Structures are given as C-alpha cells and as structure tokens.
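>>> Provided below for reference: sequence and predicted model.
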Amino acid sequence: MKTKLSVNLNKIALLRNSRGRNYPSVEGFARKALAWGVAGITMHPRPDQRHATYEDVFELSKVVTEYPGAELNIEGYPTDDFLEVVLKAKPEQCTLVPDEPNQVTSDHGWDVKAQGEFLKPIITQLQDAGVRVSLFMDPDVDQISIVKDLGAERIELYTEEFASTYSDAGNTEVLNLYRKATEHALNLGLDVNAGHDLNLENLGQFLTIEGIAEVSIGHAIIVESLEMGFESTIKQYLQIIND
C-alpha cells in the first residue's frame with residue numbers, strides 16, 4: 001500500500017482571516033498542492049471558525065472534483081453545526097476528533113469505551129450519506145478494538161507522542177507502540193491514517209510502519225514552506241512517501 005498525503009490548509013486560512021479578504025486563497029493553495037500530486041486536502045473547522053470556515057468546506061468540496069481521485073477530509077468534533085455542514089458537502093472522509101470548543105489544537109484521541117454510544121449513530125449517519133468515517137485515536141489497542149464495533153472504517157493515530165520523542169533514546173519503544181497499534185487495527189479490518197506534528201525530519205521513520213493509508217500534515221508543511229517554499233516542501237514530502 002502506498003501512503004497518501006493529505007495537506008491540512010488551516011494555517012493558510014488563518015493567514016487569510018487575519019487580513020479580512022481572500023488572500024492567501026485556500027482554494028488556490030489546494031489547487032497547487034493537488035496539481036503537484038498530493039492525494040487530498042484536509043480542513044478542520046472549529047466552532048469559532050478562527051481559521052478554517054464552513055464556507056471553506058463547500059469551496060474545497062468543489063476544488064477536489066477538478067482532480068480525479070483526490071479526496072477532501074474534514075476533521076472536527078461532531079456538533080450539530082459541524083455535522084450539518086459535512087452532510088451537505090459530503091467529503092470523501094470525515095475524521096471525528098474529540099476536541100473541546102476552545103482547544104488550541106487536538107491533543108488526545110477518543111475514549112470510545114466511554115463515548116462509543118455517542119459516536120455510533122453519528123458514524124452511521126455519515127456513512128448513510130456516503131462519507132467514510134475515521135476516528136482520531138491514541139495508539140491504545142484496547143480502545144482501537146472497540147472502533148470496529150462502532151462501524152468506522154478507519155482510525156487516525158494521534159502521533160504527537162512519536163513526534164515529541166523522535167530525538168530521544170526511547171523513541172524506538174514509542175515507535176513500536178504505534179507499530180503494534182497499526183498492526184492491531186489492520187488485523188481488525190480497519191484502515192489506518194496518522195497525523196499531528198509529523199514533519200520532514202520524522203516522517204520517514206514513522207513510515208517504516210507498514211500499512212499507513214494516509215498522513216494528514218498541515219502545521220509543519222506551512223512552517224517548512226516559510227523556509228523552503230511551498231512547492232519544494234510539498235515535493236519533499238511526496239519524495240519521502242514514494243521512497
């Protein structure tokens with residue numbers, strides 16, 4: 001399986017919002033990335049729409065249709081407003097994330113033991129609309145075991161622990177934790193995505209784990225692009241994945 005790259009453009013939206021007009025254009029950057037060969041675009045609209053907006057979701061759902069095989073992945077906590085937007089836009093994938101409304105960024109996976117009954121009808125509702133569902137999860141095999149029963153097709157592993165220990169002596173142990181979680185999910189019949197603080201330095205090591213279907217990367221790409229340019233950065237990510 002070749003891992004796919006989905007580029008999160010939230011930080012482009014944040015820059016745009018800071019000036020009150022459509023510059024930089026989220027749609028424009030999406031087209032650039034897709035033209036260079038990325039497989040998809042990710043957006044994570046939060047309730048306050050401080051970066052990605054609900055209107056971005058609808059605009060990007062049109063953009064991806066210009067590139068055969070490209071996918072739109074919409075992340076977020078399943079509030080009524082969020083679900084209404086997703087059900088109207090019908091992206092190829094919706095990644096459900098257990099964020100509080102005012103969180104700066106995602107910092108943990110779902111506790112499906114406690115929240116499974118809340119999630120199950122939402123998963124069914126999205127799937128009935130033709131949307132593939134992924135759950136944002138820690139690399140916890142006991143929790144992952146429950147995901148299959150909830151009906152989701154995928155998980156997205158929250159990779160901050162791997163990224164934060166990348167240069168540490170104990171990194172191999174942490175990497176093996178993610179490897180075991182991935183193998184467990186695959187054995188259950190789940191596909192596995194990954195994301196959070198992956199970058200040009202650590203992505204190659206993480207992808208020694210076989211079977212990762214998709215990585216979703218945003219913050220690092222934008223920061224690295226400030227140093228090296230957007231096109232150069234995207235192409236370096238694609239080279240790592242191709243290798």
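Yep, it's here.
>>> I'd guessed Leu34 sits against Leu60; true?
No. Assessed by C-beta atoms under 8 Å, Leu34 is found out of contact with Leu60, at 10.2 Å. Backbone N, C-alpha and C define where each C-beta goes, glycine included.
>>> Now the common contact residues for these two.
With contacts taken as C-beta atoms under 8 Å, 6 or more residues apart in numbering, Leu34 and Leu60 have Ile41 as neighbours in common.
>>> So, low pLDDT: which residues of the chain?
Within the chain, the stretches with pLDDT under 70 are 101-107.
>>> Tell me which stretches of it form helices.
Listed in chain order, the helices of the chain (DSSP state H) span 10-17, 26-35, 54-63, 80-89, 112-128, 141-150, 160-164, 171-187, 203-206, 219-228, 230-242.
>>> contact partners of stretch 193-201?
Contacts for stretch 193-201 (C-beta under 8 Å, 6+ apart): 8, 42, 95, 105-106, 134, 154-160, 163-164, 166, 178, 206, 212-217, 219-220, 224, 233, 236-237, 240.
>>> residues of that stretch that come out buried?
For stretch 193-201, burial by neighbour count (16 or more other C-beta atoms under 10 Å) applies to Asn193, Ala194, Gly195, His196, Asp197, Leu198, Asn199, Leu200.
>>> Tell me how far the residue sitting furthest away from the middle of the chain lies from Leu203.
Relative to the centre of the chain, the most outlying C-alpha is that of Ala169, 27.7 Å out, by C-alpha atoms, centre = their mean. Separation of Ala169 from Leu203 (C-beta to C-beta, to the nearest Å): 20 Å.
>>> Contact partners for the residue nearest the centre of the chain?
Nearest to the mean C-alpha position of the chain, by C-alpha atoms, centre = their mean, lies Ser216 at 4.0 Å. Applying C-beta under 8 Å, 6+ apart to Ser216 gives the contacts Ser6, Val7, Asn8, Thr42, Asn73, Glu75, Thr95, Glu156, Asn193, Ala194, Gly195.
>>> Just those: which are in strands?
Using DSSP state E, the subset of the contacts of Ser216 located in strands is Ser6, Val7, Asn8, Thr42, Asn73, Glu75, Thr95, Glu156, Asn193, Ala194, Gly195.
>>> can I assume the third one is in contact with Val215?
This means Asn8. No. Here Asn8 does not reach Val215: they are 10.2 Å apart, not a contact under C-beta under 8 Å.
>>> Quick check: the closest residue to Arg16 other than its chain neighbours vs Val86, distance?
Using C-beta to C-beta, 6 or more residues apart in numbering and skipping the chain neighbours, the partner closest in space to Arg16 is Pro24 (5.6 Å). For Pro24, the distance to Val86 (C-beta to C-beta) stands at 24 Å.
>>> ok, now Thr53?
Using C-beta to C-beta, one obtains 14 Å as the distance from Thr53 to Val86.
>>> Looking at these two, which is more packed in?
Val86 (25 against 18; other C-beta atoms under 10 Å).
>>> The more buried one and Val57 touch, don't they?
Yes. The pair Val86 / Val57 is scored as a contact, 7.4 Å apart, by C-beta under 8 Å.
>>> intersection of neighbour lists for these two?
Taking C-beta under 8 Å, 6+ apart as the contact rule, Val86 and Val57 both touch Ile74.
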